[in-house]
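Colleague: predicted coordinates and the sequence they were generated for:
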Amino acid sequence: MSKVNGATLMARALKQQGVEYMFGIVGFPVGPIAQAAQDIGITYIGCRNEQSASYAAQAVGYLTGRPGVCLVVSGPGVVHGLAGLANAQQNCWPMILIGGASATHQNGMGAFQEERQVHIATPFCKFAHGVEHVHRIPFYVEMAVRYSIYGRPGACYLDMPDDIILGEVEEDQVHIAATVAEPPRMIAPQENIESALNALESAERPLVIIGKGMAWSRAEDEIRSFIERTQLPFLASPMGKGVMDDNHPLSVGAARSHALQEADVIFLMGARLNWIMHFGKPPRFNKNVRIIQLDIAPEAISQNVPTEVPLVGDGKAIVGQLNKALENRQWFYPKDTPWHAAIAEKSAANARQIQPMIDDNSAPTNYYRAFKDISEWLPDNAVIIGEGANTMDIGRTQMPNKSPRLRLDAGSYGTMGIGMGFVLAAALVHPDRPIVSVSGDAAIGFSGMEIETCCRYNLPVKIVVLNNGGIGSGAESLPEDRMTIPPRVMSIGSGYEKLMEAFGGKGWYVDDPKDLRKALDEAMAYPGPALVNVKLHHAAGRKPQQFGWHTS
Ligand code: ADP
Ligand code: MG
């Protein structure tokens, strides 16, 4: 009988479970797992920091429906990987972190990089476990994959001690695990479906909010039918964008604050009334707002605002149920209501407000002028990654998404530094699409070394840095006494494009908006990784907002 070791068993089990991508950094004791994974046909991408690897793994999970794996060394590697676990858990995205660990027989002895890894991973996971027997590796891999994608998706952690990775068992002792099937799609009771439609029929100012849970559940066809059949106005959450085309006439994106404030019945679909949605509370929401809520997690129902009609189950299945029930109704939301008119008026007023900034050709440029060229340049099928403060917030409003799961950003956890990991993931999952990241200069700093990773694997990604020389805003000049530089301020006109050139890609520096479109076009035409560094006015900002970003 032949023997098999832990590393090979791990690679085999992952492959069997449909895991296609592994991101990580090798070192003690996980090198053999990375090699075995690559040998068996899992794409292995070596990153420069475990954080990026962990962000990449979860973006793969969201984009493909099967978790990506992040492989890290013991101790500090796991600690760095926690950043991604936390982000995945908050975003409800599936990933598996595999941490190497010191050998079990050295536990408690002060082993190299010894750490209580299962313990520290647990708060960020749906399932975290230390593998204690080589023959049970397929059992735990099946469990981690299943937990990561069934119910509300999330993160899982598997701890792999050195002696388990190198340990061997007879092939016939190996635990055989079934391949995890696609997540079951639970439906809602018919009476709740009818109640939801009754509540919508009774609304004067209805609004549908589409969140990234719907993108995850691949509900786009059902939602399009639902919106077109009911004619209900809708608002996409930041990563719910594209489930419905942002340019659809029923989108209220350009009058977001007004729509949230005035709606009397909100149908919340795969989205949470958390900080991104201002907790569903006044002054941002009507104090008597009635909520219909579709979510796969029953414990999410009524968070912050009591839900009138809960629809617990899978987004795609339940919107399908609603569409079926609508076949027995005549009702749709009329076109000529004061609600539609008010939203249209507010959208037009908002557009008028930003027009002067779009038209301003002075150098260095402002966000809106930069986004004018960027959005005209962006192909419809591009995956758009956004991070930074103003860069992300303004970018979300100025770069429309036509299709689902083509926007990745700082998400529910508001994490800066996700961008380059998401770029790697998108480039691998969608080799047929342009991958465009629009990042602030502070944001790219967190994970900028992954530019080398893009160059090494020759991923033709296009990175645009909107460079105002700081966090939020920069400075016109730096003080003589450098120790008094304001905390938010960074170097002025930093040459991020040279970072790209340093590793073999191509870069452009643009300090006048008249040159921006040409640089963008050249970057897109360039067959490899490219970076366009756009100098912004140090005080460029957002249009005046009615509310502070964090009002409750
Ligand atoms: P957004 O940031 O887009 O508002 P959130 O991450 O706050 O979205 O919320 C997404 C919600 O979607 C979560 O509460 C999650 O439980 C839910 N969800 C995840 N998968 C599904 C699914 N298949 N069907 C319905 N809801 C889902
Ligand atoms: Mg900045």
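Modeller: Okay, I see it. Residues are numbered from 1 along each chain as shown. Ligands and ions are numbered 1, 2, ... in the order given.
Colleague: next, count neighbours for the residue of the stretch 1-150 of the chain found nearest ligand 1.
Modeller: At 4.5 Å from ligand 1, C92 is the closest residue in the stretch 1-150 of the chain, using Cβ to the nearest ligand atom. Just so you know, the C-beta spots here come from the backbone N, C-alpha and C atoms, and that holds for glycine as well. Other residues lying near C92 total 25 when counted by other Cβ atoms under 10 Å.
Colleague: and V312, by the same measure?
Modeller: When neighbours are defined as other Cβ under 10 Å, V312 has 20 of them.
Colleague: burial measure for the closest residue to it other than its chain neighbours, as a count.
Modeller: Spatial nearest neighbour of V312, chain neighbours left out: P298 (4.9 Å); criterion: Cβ to Cβ, 6 or more residues apart in numbering. By other Cβ under 10 Å, the residues close to P298 number 12.
Colleague: how about P298, phi and psi?
Modeller: Main-chain torsions, P298, degrees, to the nearest 10: phi -60, psi -30.
Colleague: so how far is ligand 1 from it?
Modeller: 9 Å (Cβ to the nearest ligand atom, to the nearest Å).
Colleague: hang on, isn't that residue packed against L311?
Modeller: No. If you go by Cβ atoms under 8 Å, P298 and L311 don't touch, sitting 10.7 Å apart.
Colleague: looking at the residue of the stretch 1-150 of the chain closest to ligand 1 now. What's its pLDDT?
Modeller: Note for C92: predicted pLDDT of 98.
Colleague: and if you look at M1?
Modeller: 76.
Colleague: nearest residue to it other than its sequence neighbours?
Modeller: Nearest one to M1, counting by Cβ to Cβ, 6+ apart, is E170 at 4.9 Å.
Colleague: for the helix or strand where V78 lies, packing partners?
Modeller: According to DSSP states H and E, V78 maps onto helix 76-91. Helices and strands in packing contact with helix 76-91 are listed as helix 50-64, strand 68-72, strand 95-101, helix 117-121, strand 155-161; criterion 3 or more Cβ pairs under 8 Å, 6 or more residues apart in numbering; DSSP states H and E.
Colleague: quick one: the helices in the stretch 201-350 of the chain?
Modeller: In the stretch 201-350 of the chain, the helices defined using DSSP state H, counting those that start in this stretch lie at 212-216, 220-230, 256-262, 315-326, 338-359.
Colleague: what residues does this protein put near ligand 2?
Modeller: Residues of the chain found near ligand 2 (Cβ under 5 Å from the ion) are G440, D441, A442, N468.
Colleague: list the contacts of the closest residue to the first one other than its chain neighbours.
Modeller: Counting by Cβ to Cβ, 6+ apart, the nearest residue to G440 once its immediate chain neighbours are dropped is G388, at 2.3 Å. Counting by Cβ atoms under 8 Å, 6 or more residues apart in numbering, G388 touches G395, M416, V438, S439, G440, D441, A442, A443, L466.
Colleague: try it again with 6 Å
Modeller: S439, G440, A443 (Cβ atoms under 6 Å, 6 or more residues apart in numbering).
Colleague: which strand residues bridge I266?
Modeller: L207, I291 (DSSP bridges).
Colleague: still on that earlier bit, buried deepest among the helices of the stretch 201-350 of the chain, which one?
Modeller: Of these, the one with the most neighbours on average (mean count of other Cβ atoms under 10 Å) is helix 212-216, at a mean of 28.
Colleague: what sits up against it?
Modeller: Outside helix 212-216, the residues within contact range by Cβ under 6 Å, 6+ apart are M239, G240, V243, M269, G270, G315, P404, R405.
Colleague: ok, stretch 534-546 next?
Modeller: In this structure, residues lying in contact with stretch 534-546 by Cβ under 6 Å, 6+ apart are 257, 353-354, 364-367, 370, 390, 394, 466-469, 473-476, 493, 510-511.
Colleague: out of the residues you listed, which sit inside strands?
Modeller: Counting by DSSP state E, the contacts of stretch 534-546 place L466, N467, V510 in strands.
Colleague: how much space between the last one and P189?
Modeller: Right, V510. 57 Å (Cβ to Cβ, to the nearest Å).
Colleague: more neighbours: those two, which one.
Modeller: Using other Cβ under 10 Å as the criterion, V510 and P189 rank with V510 on top: 25 against 13.
Colleague: and the stretch 301-450 of the chain, which residues reach ligand 1?
Modeller: Residues of the stretch 301-450 of the chain lying close to ligand 1 by Cβ under 6 Å from any ligand atom are D314, G315, S412.
Colleague: work out for me the element the residue nearest the centre of the chain sits within.
Modeller: Closest residue to the average C-alpha location of the chain: L408 at 4.1 Å, with Cα atoms, centre = their mean. Per DSSP H and E: L408 is located in strand 407-409.
Colleague: name the helices or strands packed onto that strand?
Modeller: Applying 3 or more Cβ pairs under 6 Å, 6 or more residues apart in numbering; DSSP states H and E, one finds that strand 407-409 contacts strand 383-387.
Colleague: please name the strands paired to the strand it packs on in the sheet, noting orientation.
Modeller: strand 407-409 (parallel), strand 435-440 (parallel).
Colleague: to E480, which of the helices of the stretch 201-350 of the chain lies closest?
Modeller: For those, the distance to E480 is smallest for helix 338-359, at 32.7 Å, taking Cβ to Cβ.
Colleague: what residues does the closest one touch?
Modeller: By Cβ under 6 Å, 6+ apart, helix 338-359 touches R205, V252, A254, A255, H258, A259, N366, Y368, R369, K372, K543.
Colleague: could you dump those residues into a markdown table and include pLDDT?
Modeller: As requested, those are arranged in a markdown table below (pLDDT from 0 to 100):
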| residue | pLDDT |
| --- | --- |
| R205 | 98 |
| V252 | 97 |
| A254 | 95 |
| A255 | 96 |
| H258 | 96 |
| A259 | 98 |
| N366 | 96 |
| Y368 | 97 |
| R369 | 97 |
| K372 | 98 |
| K543 | 69 |
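Colleague: list buried residues within those.
Modeller: Neighbour counting by 16 or more other Cβ atoms under 10 Å classes R205, V252, A254, A255, H258, A259, N366, Y368, R369, K372 among these as buried.
Colleague: so can I have TSV of those residues showing distance to H119?
Modeller: TSV is the format used below for these (distance: Cβ to Cβ, whole Å):
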residue	distance to H119
R205	49
V252	46
A254	47
A255	48
H258	47
A259	45
N366	48
Y368	48
R369	50
K372	50
